[in-house]
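K.L.:
dropping a prediction and its sequence here:
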Amino acid sequence: MTMGLLIASNSAFAAEMKPNILIFYVDDLGWQGTQLNDVDKPCPYETPNVLKLAEQGMNFTQGFSPAPTCAPSRAGIITGQHPGKLRYTHVLFDRIIKGKPTEEFVDPYLGSHLQLDALTLATALKDNGYHTGHVGKWHLGLSSSLFGFDFSHEDRGVHRKLPDRTKGFSTVDDPKYPLGKEKYPPISEKKPDGISYPYDDVTETALKFIDSNDDKPFFLYLAHWMVHWPAMTRNGELLEHYCDKLGQPFPPKPGDMSKPGQNNPYFAAMVSTVDWSLGRIVDHLEKTDDPRNEGKKLIETTYVIFTSDNGGATKHGKEVLSDNSPLKFGKSNAEEGGIRVPMVISGPGIPKGSKFDGLVNQLDYFPTILNLTHSTISPEAKKELGGVDITPVLMKGAKDIVDEQGEKRENLFWHFPHGQAAMRSALREGDYKLYKNYHTHDYSLYRLYKDGQREDLEEENDLAADPEYAALIKKLSEKLDRHLAENKVEGPYLNPAYKDKTKPAAEIQTVKFQAEKRIASLRVKQTSPVIKAAHVIYRQKPGADKPKRGKGDVDVRIGIKMPVKIAPSERLLTTEIPEGIDAYCFLIIDENNYQTFSDVQIVR
């Protein structure tokens with residue numbers, strides 16, 4: 001059978017079935033963290049299963065996460081909405097950030113969890129006949145079981161911190177993490193048959209979930225806790241392999257690993273462990289009959305999506321974890337090193353060993369999966385999605401990504417209003433990357449490619465000061481501002497404590513609580529700017545223990561912004577505090593764009 005007929009046959013099969021969907025999500029694995037997109041220096045981390053998956057499907061050389069940190073990317077992938085639109089742009093959750101006198105801006109307040117009314121991919125697929133499961137890291141507050149998953153298991157698995165990472169590795173008799181009998185890569189002269197891996201609850205639970213689906217197609221969101229900090233492994237043989245490969249003593253000496261580049265053997269071991277887990281999953285799909293499709297293995301009826309939540313973390317304190325070079329920076333930055341990630345999709349109808357060099361965002365997964373699974377959501381919900389269906393790219397080799405109106409997508413954008421010097425929004429269009437720098441009140445422009453060839457992937461040559469690019473900066477900045485306005489993004493806000501502020505900020509005059517009616521009120525001084533927006537935030541009573549995840553009742557109202565009544569002429573806010581709420585504070589945004597919090601008030 002020719003390749004063309006094979007693709008047509010697979011596409012026809014895909015159109016007749018309800019395929020399974022498996023998202024294999026890695027934590028903090030950068031674009032240069034596998035052997036997939038090796039640029040310049042070869043990656044020392046051995047990832048044969050990632051390479052094998054790419055041979056079975058399509059590699060996206062310019063795949064991007066929705067944000068440069070964990071929680072917003074996870075919110076984006078599971079809702080299909082841009083983190084800026086969700087106003088869920090970092091991992092701060094319900095932390096109240098009050099700026100220092102030297103800081104002009106402050107981070108926006110985000111809230112303790114993803115909004116419960118957000119339509120998730122799990123809910124959408126569940127409503128269309130799927131059995132839905134989440135295994136591993138959630139990191140969106142509360143529990144994944146509240147967001148459309150039939151099955152939820154958030155254990156850390158083998159990535160549970162050791163008292164001393166230089167010793168105490170797993171053995172065959174380990175009560176929690178016993179070494180298996182089977183051997184797997186990496187292969188070396190010292191270990192020509194490969195090595196054993198400790199029991200990993202994340203991987204094994206994922207396999208059990210796959211096997212539990214007899215009568216329904218499944219959607220599995222498998223989110224590893226690795227390769228996030230702590231940098232450690234329970235696999236002594238694997239750590240020894242990388243110590244040998246990187247020319248370091250085994251066991252390593254206690255203390256921080258400070259050698260620059262991709263030279264941390266603990267980090268390397270985590271990457272290989274994630275790759276091993278992927279191999280276990282794919283191998284199981286290859287060997288297991290599909291109970292719904294006679295004569296077919298699960299690998300023939302399952303779409304596997306492999307990617308990471310953001311670019312690679314480069315440091316933790318004094319410890320050097322990895323390196324995203326030649327990409328600039330890493331996690332927590334909107335530069336390429338913080339948002340470009342490995343991305344592979346395999347499954348029925350996708351040509352083997354194919355590649356796509358265009359711009360793809362993980363927000364594209366939601367509409368694409370809806371198409372692949374023949375699933376529907378309401379027209380209103382569909383309008384909220386921030387991505388584009390890339391099925392024509394996957395199945396037909398389309399060179400461009402085109403929306404439902406037939407318009408070619410020109411760009412992607414990011415919004416990260418956090419971290420003072422890192423506060424920026426960004427737009428990637430064609431060869432260029434534009435940054436709107438809030439901290440310095442200016443723009444930066446880089447030309448990453450020239451006519452499809454690498455030009456300044458390192459983002460070293462800022463073109464913003466060159467008059468030749470003034471028109472381009474104006475054009476791209478207008479497009480970026482349009483994205484920001486259409487998505488109603490939030491922050492950064494001005495800091496009322498900033499010593500050099502040029503405009504007045506709202507000043508709180510009184511905060512009162514009427515116990516008999518449970519009415520809380522806040523009044524700002526008459527000389528204050530007009531209040532533009534305001535909320536009350538229910539807080540945990542100081543000193544009270546926070547409920548542990550999955551244990552005890554959790555009040556879903558705690559940490560979420562709630563509306564209040566605003567009387568602008570009186571400079572007054574009022575709201576009723578419900579029974580069961582023991583503490584609260586007010587949040588004010590004034591017309592000069594300052595963000596002000598009241599002190600936490602105790603309900604008496």
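P.N.:
Arrived safely. Residues are numbered from 1 along each chain as shown.

K.L.:
tell me if residue 78 really is in a helix.
P.N.:
Yes. Per DSSP: H, G, I helix; E, B strand; the rest coil, residue 78 lies within a helix segment.

K.L.:
number of nearby residues for it?
P.N.:
Residues near residue 78, counting by other C-beta atoms under 10 Å, number 29. Quick note: C-beta positions are derived from backbone N, CA and C, even for glycine.

K.L.:
now for it: which residues touch it?
P.N.:
The contact partners of residue 78, taken as C-beta atoms under 8 Å, 6 or more residues apart in numbering, are 114, 120-122, 140, 147, 221.

K.L.:
now, these that are in helices?
P.N.:
121-122 (DSSP state H).

K.L.:
by neighbours, which of the contacts of residue 78 wins?
P.N.:
The most crowded member of those, judged by other C-beta under 10 Å, is residue 221 (27 neighbours).

K.L.:
for that residue, which non-adjacent residue is spatially closest?
P.N.:
residue 134 (4.7 Å; C-beta to C-beta, 6 or more residues apart in numbering).

K.L.:
wait, that neighbour sits on residue 218?
P.N.:
No. Using C-beta atoms under 8 Å, residue 134 is not in contact with residue 218, being 11.5 Å away.

K.L.:
and the two? Which one has more around it.
P.N.:
Each of residue 134 and residue 218 has its neighbours counted (other C-beta under 10 Å); residue 134 has more, 28 against 24.

K.L.:
could I get the phi/psi values of that one?
P.N.:
Dihedral pair for residue 134: phi -120, psi 130, per degrees, to the nearest 10.

K.L.:
OK, contacts around it?
P.N.:
122, 144-145, 149, 151-154, 220-221, 223.

K.L.:
please redo it, this time with the cut-off set to 10 Å
P.N.:
By C-beta atoms under 10 Å, 6 or more residues apart in numbering, the contact set of residue 134 is 23, 78, 120, 122, 143-145, 147-154, 206, 209, 219-223.

K.L.:
and if you look at residue 333?
P.N.:
68-69, 310-311, 314, 324, 327, 339, 416, 419, 421-422, 424, 426.

K.L.:
so it is in which element?
P.N.:
With secondary structure defined by DSSP states H and E, residue 333 is part of neither a helix nor a strand.

K.L.:
helices along the stretch 101-250 of the chain, start to end?
P.N.:
121-127, 201-211, 236-245 (DSSP state H, counting those that start in this stretch).

K.L.:
what's the span of stretch 21-37 from first residue to last?
P.N.:
24 Å (C-alpha to C-alpha, to the nearest Å).

K.L.:
helices of the protein, start to end?
P.N.:
Under DSSP H, the chain gives helices at 3-16, 48-56, 70-79, 83-86, 121-127, 201-211, 236-245, 265-287, 336-339, 365-372, 379-384, 391-396, 470-486.

K.L.:
quick one, which of the ones you listed is nearest to residue 575?
P.N.:
helix 83-86 (23.6 Å; C-beta to C-beta).

K.L.:
distance between that closest one and the chain's centre?
P.N.:
Mean C-alpha position of helix 83-86 versus that of the full chain (C-alpha atoms, centre = their mean, to the nearest Å) differs by 12 Å.

K.L.:
so what's the residue count around the closest residue to residue 254 other than its chain neighbours?
P.N.:
Spatial nearest neighbour of residue 254, chain neighbours left out: residue 166 (5.7 Å); criterion: C-beta to C-beta, 6+ apart. For residue 166, the neighbour count with other C-beta under 10 Å is 16.

K.L.:
likewise the one 4 residues further on?
P.N.:
Per other C-beta under 10 Å, the neighbour tally for residue 170 reads 21.

K.L.:
show the pLDDT at it.
P.N.:
Residue 170 carries a pLDDT value of 98.

K.L.:
with residue 554 instead?
P.N.:
85.

K.L.:
could you check how many residues crowd around it?
P.N.:
There are 18 residues near residue 554, going by other C-beta under 10 Å.

K.L.:
rewinding a little: does the residue nearest to residue 254 touch residue 239 like I think?
P.N.:
Yes. When contacts are counted by C-beta atoms under 10 Å, residue 166 is listed as touching residue 239 (9.0 Å).

K.L.:
intersection of neighbour lists for these two?
P.N.:
232, 250-252, 266.

K.L.:
from the residues you listed, which two are the most distant?
P.N.:
Applying C-beta to C-beta across those, the maximum distance is between 232 and 250, 14.4 Å.

K.L.:
near residue 428, how many other residues are there?
P.N.:
Neighbours of residue 428 (other C-beta under 10 Å): 24.

K.L.:
any idea how far the nearest residue to residue 268 once chain neighbours are set aside lies from residue 395?
P.N.:
Excluding the flanking residues, the one nearest residue 268 by C-beta to C-beta, 6+ apart is residue 242, at 4.1 Å. Applying C-beta to C-beta, to the nearest Å, the value for residue 242 to residue 395 is 39 Å.

K.L.:
can you check residue 82 too?
P.N.:
Counting by C-beta to C-beta, the gap from residue 82 to residue 395 is 25 Å.

K.L.:
these two: who's more crowded?
P.N.:
residue 82 (28 against 22).

K.L.:
need the pLDDT of that one.
P.N.:
98.

K.L.:
neighbours of the closest residue to it other than its chain neighbours, how many?
P.N.:
In space, and not counting its chain neighbours, residue 82 is closest to residue 386: 3.9 Å by C-beta to C-beta, 6+ apart. By other C-beta under 10 Å, the residues close to residue 386 number 24.

K.L.:
quick one: residue 386 from residue 293, how far?
P.N.:
33 Å.

K.L.:
again with residue 541
P.N.:
As judged by C-beta to C-beta, residue 541 and residue 293 stand 55 Å apart.

K.L.:
out of these two, which sits in the busier spot?
P.N.:
Neighbours per residue, other C-beta under 10 Å: of residue 541 and residue 293, the larger number sits with residue 293, 17 against 12.

K.L.:
was I right about the more buried one contacting residue 214?
P.N.:
No. Applying C-beta under 10 Å as the test, residue 293 and residue 214 come out as separate, 11.8 Å apart.

K.L.:
pretty sure residue 417 is touching residue 494, no?
P.N.:
No. Judged on C-beta under 10 Å, residue 417 makes no contact with residue 494 at a distance of 11.7 Å.

K.L.:
what's the overlap in contacts for those two?
P.N.:
With C-beta under 10 Å, 6+ apart as the test, residue 417 and residue 494 both reach 105-106.

K.L.:
how about the strands of the stretch 101-250 of the chain, start to end?
P.N.:
According to DSSP state E, counting those that start in this stretch, the stretch 101-250 of the chain carries its strands in the segments 105-106, 131-136, 151-153, 218-223.

K.L.:
hmm, who's touching stretch 173-185?
P.N.:
46-49, 157-158, 160, 168-172, 191-201, 234-238, 241, 272, 275-276, 279-280, 283.

K.L.:
first to last residue in that stretch, what's the distance?
P.N.:
22 Å.

K.L.:
and it, which residues are buried?
P.N.:
Within stretch 173-185, the residues that count as buried by 16 or more other C-beta atoms under 10 Å are 177, 179, 184-185.

K.L.:
tell me how far residue 471 lies from residue 179.
P.N.:
62 Å.

K.L.:
low-confidence ranges in the stretch 451-600 of the chain?
P.N.:
Across the stretch 451-600 of the chain, residues meeting the criterion (pLDDT under 70) sit at 545-552.

K.L.:
switch the cut-off to 80
P.N.:
542-553 (pLDDT under 80).

K.L.:
that one: strands as residue ranges?
P.N.:
453-454, 493-494, 508-514, 519-524, 531-539, 561-563, 565-567, 572-576, 583-590, 595-597.
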